[in-house]
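Trainee: have a look; sequence and predicted model below, questions after that.
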Amino acid sequence: PRAYKTGAAYFLLAKSLGAAAKAYVIVLLLHTLLFQGWSVPFVVTTVVFVFLIWNYTRQSGIKTLVWTDAFQTIALVVALVWIIVSFSKALGFNFSEVFTQIKASPYSQLLETADWQSKQHVVKQFFSGVFIALVMTGLDQDMIQKNRTISTLKHSQKNMYWYGFGFIPLNLLFLTLGALMLLFARQRGLSLPTTSDEILPMLATGGYLPMTATLLFALGVVSASFSSADSSLTALTTSFCI
């Protein structure tokens, strides 16, 4: 029981801090993109954001979560594909040229084997992947709660397999977008922010993309943030009550 409570206490602390940090970044981005122009205070934006998540999550708990997460994932993927198409057009690439140009660039390297100091070294990445999978499928209530609500063990296992395979095309899309953004910045002679997380917001809000793509970017960001925050909320509730 002591180990159980210690693990739960660390989970509550880490998940609260992690969810708060993610929510802060997303609310700040939404406030800058939209609500700041309407002179809405940052505090009001934050309160509305948290209230919306709390309100729809409390209606049906995990059931609401599954349906909203499905919708949010679709919105995120649509936004991602649309932005990739927008950057491809801005660069003057057709579908086949996108992959040709990325392959010819330094951004297509899949494995780092030479520089042991690099965080992307293949050995470090391998063990990182092993431990991340262990945490996600065995230790993190936030990640495993949906699997635990499935009616049978077989269906739960099937869900985990599909969840794992689903990351492959999605990660390839994100990597494609990252390479295209760097190629776009190099072509236009843009100076990029030091933090890689700030590159897409800078390009999306700097007039380099069509308004539709910018709006879809905002929708994708909102979808990702709501999906992260609502699952954290139910996980924290479960861990606290039990």
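Mentor: Great, that's in hand. Note that the structure is predicted; figures quoted are calculated from it, not measured. Numbers count the residues shown, from 1 in each chain.
Trainee: Leu110 belongs to a strand?
Mentor: No: the assignment for Leu110 is coil, going by DSSP: H, G, I helix; E, B strand; the rest coil, so no strand is present there.
Trainee: in the chain, which spans are helices?
Mentor: When secondary structure is read from DSSP state H, the chain shows helices at 2-33, 42-60, 62-91, 95-104, 122-138, 141-148, 153-188, 199-205, 211-241.
Trainee: pull out the buried positions in the fourth one.
Mentor: Spelled out, that is helix 95-104. Judged by neighbour count (16 or more other Cβ atoms under 10 Å), helix 95-104 contains these buried residues: 98, 101-102. Just so you know, the C-beta spots here come from the backbone N, C-alpha and C atoms, and that holds for glycine as well.
Trainee: just checking, what packs against it?
Mentor: Using 3 or more Cβ pairs under 8 Å, 6 or more residues apart in numbering; DSSP states H and E as the contact test, the elements touching helix 95-104 are helix 62-91, helix 153-188.
Trainee: please state the offset of the first one from the chain centre?
Mentor: What it means is helix 62-91. The chain centre lies 10 Å from the centre of helix 62-91; the measure is Cα atoms, centre = their mean, to the nearest Å.
Trainee: hmm, back to that, quick one: which of the helices of the chain is nearest Glu112?
Mentor: Across those, the minimum distance to Glu112, taken as Cβ to Cβ, is reached by helix 122-138, at 6.1 Å.
Trainee: restricting to C-alpha, output that closest one in CSV.
Mentor: Coordinates of each C-alpha in helix 122-138 appear next as CSV, following Å, rounded to 0.1, in the frame of the first residue of the first chain:
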residue,chain,number,x,y,z
VAL,A,122,20.0,5.0,-32.6
VAL,A,123,21.0,3.2,-29.4
LYS,A,124,19.6,5.9,-27.2
GLN,A,125,16.4,6.1,-29.4
PHE,A,126,15.9,2.3,-29.2
PHE,A,127,16.0,2.2,-25.4
SER,A,128,14.0,5.4,-25.2
GLY,A,129,11.3,3.7,-27.3
VAL,A,130,11.3,0.6,-25.1
PHE,A,131,10.8,2.6,-21.9
ILE,A,132,8.2,5.0,-23.4
ALA,A,133,6.2,1.9,-24.5
LEU,A,134,6.5,0.4,-21.0
VAL,A,135,5.3,3.6,-19.4
MET,A,136,2.5,4.2,-21.8
THR,A,137,1.1,0.7,-21.7
GLY,A,138,1.8,-0.2,-18.1
